[in-house]
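Undergrad: Quick one, fold the following:
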Amino acid sequence: MLRSHSAPRVLITSSNLVFSSASLTSAELFLPTQRQRRGRWHQSTGWAKVADGRYEVITEREGRWYYLGTYAGVGEPRMIDPRAFISMGDKVKNAIYRETLNGADDRLSKSVGGMYGRGMLRALKIGLEYIGYNEKLADELARSVRDRPDRHAKRRAGRRSGTGVEGR
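TA: Numbers count the residues shown, from 1 in each chain. Prediction:
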């Protein structure tokens, strides 16, 4: 089990983390400045912690999770111009919409997208730089995934090929 004086600070991302090269040494993280919670808009201040901190970065790509290493914020966060926002890739914009809506109904994404395009909502770009790799954390994550019970094992084991019948 991972033991230390202080728990690692973890940053969990998806398509809102964009790498400038295949080497994964530097990245840009896009975050909303406002989020919707229970139908009301609130200022999002979590970006300030990310910009000034060091984080263990875990990201999701096409349904799979990856531990990337330790990253630190570099430079000042920059506000994204609405015209630049419109020209961003759909995966990045959709990830920002999900962050903005705080997991609420995806049907609202279109209206939220329009709000970003008109400058009513804004997103920030935060530079991140790779500074190391936490072997203990990586080993602990791998162990926990390996030891996790497989919820679908019984169903797979019970299937009979060609019959479409599940186990007895």
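Undergrad: Compute the number of surrounding residues for the nearest residue to A123 once chain neighbours are set aside.
TA: Spatial nearest neighbour of A123, excluding adjacent residues (Cβ to Cβ, 6 or more residues apart in numbering): I80 at 4.7 Å. To be clear about C-beta, it is placed using only N, CA and C from the backbone, and glycine gets the same treatment. Residues within reach of I80, counting by other Cβ atoms under 10 Å, total 19.
Undergrad: for E99, same thing?
TA: Counted with other Cβ under 10 Å, residues neighbouring E99 total 19.
Undergrad: Distance check, it against S144.
TA: Distance of E99 to S144, given as Cβ to Cβ, to the nearest Å: 25 Å.
Undergrad: Same check on G89?
TA: Taking Cβ to Cβ, one finds G89 at 32 Å from S144.
Undergrad: Convert the C-alpha atoms of the helix or strand where N94 lies to PDB, please.
TA: Using DSSP states H and E, N94 falls within helix 90-101. Extracted C-alpha coordinates of helix 90-101, given in PDB (Å, rounded to 0.1, in the frame of the first residue of the first chain):
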ATOM      1  CA  ASP A  90     -14.400  18.900 -31.000                       C
ATOM      2  CA  LYS A  91     -13.000  16.500 -28.500                       C
ATOM      3  CA  VAL A  92     -11.400  19.300 -26.500                       C
ATOM      4  CA  LYS A  93     -14.500  21.400 -26.600                       C
ATOM      5  CA  ASN A  94     -16.700  18.500 -25.600                       C
ATOM      6  CA  ALA A  95     -14.500  17.800 -22.600                       C
ATOM      7  CA  ILE A  96     -14.700  21.500 -21.600                       C
ATOM      8  CA  TYR A  97     -18.500  21.300 -21.900                       C
ATOM      9  CA  ARG A  98     -18.600  18.200 -19.700                       C
ATOM     10  CA  GLU A  99     -16.500  20.000 -17.100                       C
ATOM     11  CA  THR A 100     -18.700  23.100 -17.400                       C
ATOM     12  CA  LEU A 101     -21.900  21.100 -16.900                       C
END
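Undergrad: And the helices in this protein?
TA: Along the chain, counting by DSSP state H, helices occupy 46-52, 82-86, 90-101, 109-117, 135-147, 153-158.
Undergrad: could these go into a markdown table alongside mean pLDDT and distance to V74?
TA: Output for the helices of the chain, formatted as a markdown table (pLDDT from 0 to 100; distance: least, Cβ to Cβ, whole Å):
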| stretch | mean pLDDT | distance to V74 |
| --- | --- | --- |
| helix 46-52 | 80 | 9 |
| helix 82-86 | 93 | 20 |
| helix 90-101 | 89 | 19 |
| helix 109-117 | 86 | 25 |
| helix 135-147 | 89 | 21 |
| helix 153-158 | 54 | 44 |
